[in-house]
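# next input, structure requested:
(chains A and B)
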Amino acid sequence: MNMTVSLILNFGLLVFLVAVALALARWRHLFPVAMLTGLFSLLSASLFTVLSAPDVALTEAAVGAGITTVLFLATFGLTRAREKPVESSRRLIGLAVTVITGAILVYASLDMPHFGAPDTPVQEHPLRHKYLVESQHEIHIPNTVTAVLGSYRGYDTLGEVAVVFTAGMAVLMLLGRGRRGRKRTKE
Amino acid sequence: MMYAAGLAGVGVTMLLVLIRVLLGPTVYDRILGINLFGTKTVLVIALLAFLNGRTDYLDLALTYALINFIGTVAVLKFMQYGDLGWAGDVEDDSDV
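Got it, this is the predicted structure:
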């Protein structure tokens, strides 16, 4: 259904992604770069939405576009917002490492089943019917991933949320104290 | 069909905004462009939701709108104060 539309959308979004990534690598002034990383993250989140993975897209947007941009900006408040020039020999090493890692990842992705292939474990596993069909009658949550996260392994998710909440509170306490101390020394 | 046409239109505006962001002579052009691009993303997700008949994606679009707003406010605040934190004893805080 609507395969051509998704295909064109995927293509366009990927072209945008490449353009943004090239600009990210080229710019030396880090302030626009921080904002552009947010744009990059929004683009990849739209790609996840096109691929019908709204939960991944939500995480990507919240972490990538929201928190990361703000953290980068907060860091620029403490350091300089300009990249130091790098020697060309080190740049070549970096390029080589990136190309080799990318090649390994592409090679590994060849082993994955094709998109929408009918003979993957996801389609053939005996538990598939339980989660994809019966969960609709058992707990009435339309999205299967949400059903699994929020109900079938709800205690696990509760533990995760407790951990993240504690970490967030700790970071907030540390940041608040540091800022107050700094302002006091400035006076 | 109508949603596909809408998607095509939004795609063209996304391209134009992206060109402005990449070329943009001043930082403010880029900030405005990125903010606009976020709005376009919200539109794309909303259109996709109706195109695929998955209206639960609309929550996602709403979240994006909120994140976009917070990001822009953070960037502008950084430009104004050079820092994201503000001291509680500063009197001229009008951005709360």
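# residue 4: how many residues sit nearby?
I went with chain A, as the question did not name one. 8 (other C-beta atoms under 10 Å in any protein chain shown). C-beta coordinates here come from the backbone N, C-alpha and C atoms, glycine included.
# sorry, I should have been clearer: chain B.
15.
# now A:Leu175
13.
# and for B:Gly9?
So B:Gly9, with other C-beta under 10 Å, has 12 neighbours.
# so which strand or helix has it?
helix B:2-23 (DSSP states H and E).
# is that helix in proximity to chain A?
Yes. Using C-beta under 8 Å from any C-beta of the partner chain, helix B:2-23 reaches chain A at B:Ala4, B:Leu7, B:Gly11, B:Met14, B:Leu15, B:Leu18, B:Val21, B:Leu22.
# okay, the fifth one and B:Ile31: tell me how far apart.
Look at B:Leu15 and B:Ile31: by C-beta to C-beta, to the nearest Å, they are 19 Å apart.
# does A:Ala45 touch A:Val63 like I think?
No. Contact status for A:Ala45 versus A:Val63: not in contact, 9.8 Å apart, counting by C-beta atoms under 8 Å.
# which residues of chain B score low on pLDDT?
B:82-96 (pLDDT under 70).
# near chain A, which residues of it?
By the rule C-beta under 8 Å from any C-beta, the part of chain B lying against chain A is B:4, B:7, B:11, B:14-15, B:18, B:21-22, B:27, B:30-31, B:34, B:37-38, B:41, B:44-45, B:48, B:51-52, B:54, B:56-57, B:60, B:63-64, B:67-68, B:70-71, B:74-75, B:78, B:82-85, B:87-89.
# among the residues of helix B:2-23 next to chain A, who's most crowded?
Ranking the residues of helix B:2-23 next to chain A using other C-beta under 10 Å puts B:Val21 first, with 24 neighbours.
# got phi/psi on the most centrally placed residue in chain A?
By C-alpha atoms, centre = their mean, the mean C-alpha position of chain A lies nearest to A:Glu60, the distance being 3.6 Å. Per-residue torsions, A:Glu60: phi -60, psi -40 (degrees, to the nearest 10).
# wait, it sits on A:Ser46?
No. In terms of C-beta under 8 Å, A:Glu60 does not count as a neighbour of A:Ser46; the distance is 9.4 Å.
# need the contact list for B:Val21.
A:Leu36, A:Leu39, B:Asp29, B:Arg30, B:Gly33, B:Ile34, B:Phe37 (C-beta atoms under 8 Å, 6 or more residues apart in numbering or on different chains).
# do the same with A:Ala65
A:Gly38, A:Leu39, A:Ser41, A:Leu42, A:Ala45, B:Gly38, B:Tyr64, B:Ile67, B:Asn68, B:Gly71.
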